[in-house]
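Engineer: Predicted model and sequence follow; I will ask about them next.
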Amino acid sequence: MRDQLYINGEWVSPDLGGYMDVIDPATEQVLQRVAAGTEEDIDHAVRAARRAFDSDWGQTTGAERAVWLEALADELHDSQDELATLEVGDNGKPLPEAQWDIGDAIACFRYYAGLARELDGRQDQPLALPDERFRCRTRLEPIGVAGQIIPWNYPLLMAAWKVAPALAAGATVVLKPSELTPLTALELAGAADRIGLPAGVLNIVTGLGADAGSPLTLHPGVDKLAFTGSVPTGSKIMAAAASDIKNISLELGGKSAFIVFDDADVEAAVEWILFGIFWNQGQVCSATSRLLVQEDIAPRLIERLVEETRKITIGQGLEEGVLLGPLVSRGQYEKVLGFVDQGKASGAKLLTGGKRPAHLEQGYFMEPAIFDEPAHNSIIWREEIFGPVLCIKRFKDEQQAVQMANASRFGLAAAVMSADPQRATRVANQLRAGIIWVNCSQPTFVEAPWGGMKHSGIGRELGQWGLDNYLEVKQVTEYVSDQAWGWYIR
């Protein structure tokens, strides 16, 4: 069933009959064949989503939609072990990380089921007006058909982040997963099929970005575009949306800073630095890949950081004790190694890693790399690498740390570590990023807003903000006075 598309509540073959291979990044072998959808398939999916929205789904109550979301969560929960194993296969991440992701995806559907129930109580809210001759109320209505494109680094979790709030709001969905990691998205379609989710409410079309993703962004039947991925692709989607005045939300790249002050606990700092950059093989948009260390603490911290980095167990994600799997694809592997080569050529000192592990001859594996003192204008300091590569620079004082952290075109996340709560709060408030972590890095909760400033995107996902992405606000104002208006007719 995984080699078909899910459109209008049915498993269908791609219109042009094309297929593509999903590769296991640990073995470089074909894991599964999936359908290669094209513009025709996208058109079928969007039309199905429109019919579903215009018929019954767009008029359902939040309480009714909550039942469907809970049912989806239950289905995913029942197969969570198989889903985690599948995620290891197509993405490469270690099993404990995949298990964490699947658990978070299930929790996301349950959370938005709760918000869907609350949505009914937010309808027809009275709004105080200065003129008593009028009465006003507000309504929250679903935005319509949502076209969603998700990345390969958290395949099912990113699907949940977009699908759950959209369905909770009453929108219908056409989801295009990454061609590199589409398998768990197809399993989500399978869950929708098993619970009998109304036809056309959720449609999933696999395919290449140019063949399926681009037609989705340009389709006139789509009311809302939601995308997570690179800045260049986000820019193209923004242009496509502008041509048809579509509502958009974009979660794009990052080059996040981690500031460590000299009063920080070295061991705690090392632990969070490692987690901030090497989790998920560094393939995280919010990865704290720029480490800013105060001068006095730098020698001790860097020594311990290199020691612990060299201890990280690298291998196939299902092997016990593995903490770093392969990069997701040959293209990503070559790209990251290219950044390492450019870093060395630019004069930055490579302290460790940056090459294939000696014991792994096959797969897209790379030892985690740490660069010391790259130039401010070097590509490894400025650009998102999206791999296990950390760059370190030193700073003198708080003012310089903030200036260095903010000197980036990205503004997704940042972290600050200090034993002084007042300083940590002061610095957090000055950092130009949408997500700030204090004395930690990367914790993510479905209840909290997620999104960036500057080139890191537009809008917020998760929490109430994620639901509002898929809602339109309507005001209904009524003239209630017994007196005639009397402007033209007196």
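Structural biologist: Yep, that arrived. Numbering: from 1, shown residues only.

Engineer: mind listing the helices for the stretch 151-300 of the chain?
Structural biologist: All helices of the stretch 151-300 of the chain, identified by DSSP state H, counting those that start in this stretch, fall at 155-169, 183-195, 214-218, 231-244, 266-278, 298-309.

Engineer: want to throw those helices into CSV with distance to residue 291 and mean neighbour count?
Structural biologist: C-beta: built from backbone N, CA, C; applies to glycine. As requested, the helices of the stretch 151-300 of the chain are arranged in CSV below (distance: least, C-beta to C-beta, whole Å; neighbours: other C-beta atoms under 10 Å):
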stretch, distance to residue 291, mean neighbour count
helix 155-169, 26, 28
helix 183-195, 32, 22
helix 214-218, 36, 23
helix 231-244, 22, 16
helix 266-278, 6, 20
helix 298-309, 8, 17
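
Engineer: Let me know which of those is the nearest to residue 488.
Structural biologist: Closest of those to residue 488 is helix 231-244, at 38.3 Å (criterion: C-beta to C-beta).

Engineer: pull the CA atoms of that closest one into CSV?
Structural biologist: Provided in CSV are the C-alpha atoms of helix 231-244 (Å, rounded to 0.1, in the frame of the first residue of the first chain):
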residue,chain,number,x,y,z
VAL,A,231,15.4,29.6,3.0
PRO,A,232,15.8,29.4,-0.8
THR,A,233,12.8,27.1,-1.1
GLY,A,234,10.8,29.2,1.4
SER,A,235,11.5,32.3,-0.7
LYS,A,236,10.2,30.6,-3.8
ILE,A,237,7.0,29.5,-1.9
MET,A,238,6.6,33.1,-0.6
ALA,A,239,6.7,34.3,-4.2
ALA,A,240,4.2,31.7,-5.4
ALA,A,241,1.9,32.7,-2.6
ALA,A,242,2.2,36.3,-3.4
SER,A,243,1.1,35.7,-7.0
ASP,A,244,-2.3,34.4,-5.7
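
Engineer: re earlier: in JSON lines, list the helices of the stretch 151-300 of the chain along with distance to residue 292.
Structural biologist: Formatted as JSON lines, these follow (distance: least, C-beta to C-beta, whole Å):
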{"stretch": "helix 155-169", "distance to residue 292": "29"}
{"stretch": "helix 183-195", "distance to residue 292": "36"}
{"stretch": "helix 214-218", "distance to residue 292": "37"}
{"stretch": "helix 231-244", "distance to residue 292": "22"}
{"stretch": "helix 266-278", "distance to residue 292": "11"}
{"stretch": "helix 298-309", "distance to residue 292": "10"}
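
Engineer: Tell me which of these lies nearest to residue 39.
Structural biologist: helix 214-218 (4.0 Å).

Engineer: For the closest one, name the packing helices and strands.
Structural biologist: Counting contacts by 3 or more C-beta pairs under 8 Å, 6 or more residues apart in numbering; DSSP states H and E, helix 214-218 packs against helix 39-55, strand 145-149, strand 224-228, helix 231-244.

Engineer: Identify all contacting residues around that helix.
Structural biologist: 38-39, 42-43, 46, 147, 149, 174, 176, 205, 222, 225, 227, 236-237, 240-241, 243-244 (C-beta atoms under 8 Å, 6 or more residues apart in numbering).

Engineer: picking up where we left off before, okay if I get the helices of the stretch 151-300 of the chain as CSV plus distance to residue 350 and mean pLDDT?
Structural biologist: Formatted as CSV, these follow (distance: least, C-beta to C-beta, whole Å; pLDDT from 0 to 100):
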stretch, distance to residue 350, mean pLDDT
helix 155-169, 31, 99
helix 183-195, 35, 99
helix 214-218, 38, 98
helix 231-244, 26, 96
helix 266-278, 15, 99
helix 298-309, 11, 99
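
Engineer: Please identify which of these is closest to residue 367.
Structural biologist: Per C-beta to C-beta, nearest to residue 367 of those: helix 298-309, 8.5 Å.

Engineer: which strands and helices sit next to that closest one?
Structural biologist: Using 3+ C-beta pairs under 8 Å, 6+ apart: helix 298-309 touches helix 266-278, strand 349-352, strand 369-372, strand 389-395.

Engineer: could those go into JSON lines alongside distance to residue 33?
Structural biologist: JSON lines is the format used below for these (distance: least, C-beta to C-beta, whole Å):
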{"stretch": "helix 266-278", "distance to residue 33": "32"}
{"stretch": "strand 349-352", "distance to residue 33": "39"}
{"stretch": "strand 369-372", "distance to residue 33": "34"}
{"stretch": "strand 389-395", "distance to residue 33": "33"}
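
Engineer: Which strands or helices does the helix of greatest length in the chain pack on?
Structural biologist: Longest helix of the chain, by residue count under DSSP state H: helix 95-121. Judged by 3+ C-beta pairs under 8 Å, 6+ apart, helix 95-121 is in contact with helix 62-78, helix 80-91, helix 155-169, helix 463-468.

Engineer: Any buried residues in it, and which?
Structural biologist: Burial within helix 95-121, assessed by neighbour count using 16 or more other C-beta atoms under 10 Å, is assigned to 95, 97-99, 101-113, 115-117, 119.

Engineer: what do you get for stretch 69-78?
Structural biologist: 69-73, 75-77.

Engineer: Over to stretch 430-450?
Structural biologist: Going by neighbour count (16+ other C-beta under 10 Å), the buried part of stretch 430-450 is 430-437, 439, 441-442, 444, 446, 450.

Engineer: Those: which two are farthest apart?
Structural biologist: Pairwise distances across these peak at 27.3 Å for 430 and 446 (criterion: C-beta to C-beta).
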